[in-house]
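**Q** please find the sequence and the predicted model below.
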Amino acid sequence: MGITTLSSRELNHDVSSAKKAAKGGPVIITDRGKPSHVLMTYDEFERLTGKHRSLVEALAMPGLSAIDFEPHRVEIRPREVDLS
């Protein structure tokens with residue numbers, strides 16, 4: 001994952017190359033030589049902001065049926081209570 005730095009002018013002249021660069025990592029946009037904005041893919045944005053999938057989306061995940069999951073059965077017993 002590489003970081004690319006572009007000036008605002010470079011971004012305005014070639015937006016498509018900035019979008020391509022964002023697929024490989026963040027693109028820092030500078031304004032008068034100072035970092036002012038960051039361009040990233042939407043997937044990376046969702047990952048960083050902690051977007052949670054719904055249960056339906058998680059269960060619809062491809063390959064889920066191939067996962068073997070057999071949790072151990074837990075036995076819950078009431079505790080003895082001493083009222084003396």
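**A** That came through, no problem. A quick note: this is a predicted structure, and the numbers were derived from the prediction, not measured.
**Q** partners of T30 in the sheet?
**A** T30 has the following beta-bridge partners by DSSP bridges: S7, P35.
**Q** got the contact list for it?
**A** Going by Cβ atoms under 8 Å, 6 or more residues apart in numbering, T30 touches 5-8, 36. Where you see a C-beta, it was placed from the backbone N, CA and C, and this is true even at glycine.
**Q** endpoint to endpoint, stretch 72-84 covers what distance?
**A** With Cα to Cα, to the nearest Å as the measure, the ends of stretch 72-84 fall 36 Å from one another.
**Q** show me where this structure has its helices.
**A** Using DSSP state H, the helices of the chain run over 8-13, 15-22, 42-49, 55-59.
**Q** so which of the ones you listed comes closest to S84?
**A** helix 55-59 (47.2 Å; Cβ to Cβ).
**Q** what comes up buried for the closest one?
**A** For helix 55-59, the neighbour count (16 or more other Cβ atoms under 10 Å) marks no residue as buried.
**Q** which residues touch M40?
**A** Shown in contact with M40 (Cβ under 8 Å, 6+ apart): 22, 25-27, 48.
**Q** and D82, how many neighbours?
**A** 5 (other Cβ atoms under 10 Å).
**Q** need the buried ones from the contacts of M40 selected in ChimeraX.
**A** With 16+ other Cβ under 10 Å as the burial test, the buried ones among the contacts of M40 are selected in ChimeraX as follows:
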select :22,26,27
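**Q** which two in the contacts of M40 are spaced the farthest apart?
**A** V27 and L48 (14.5 Å).
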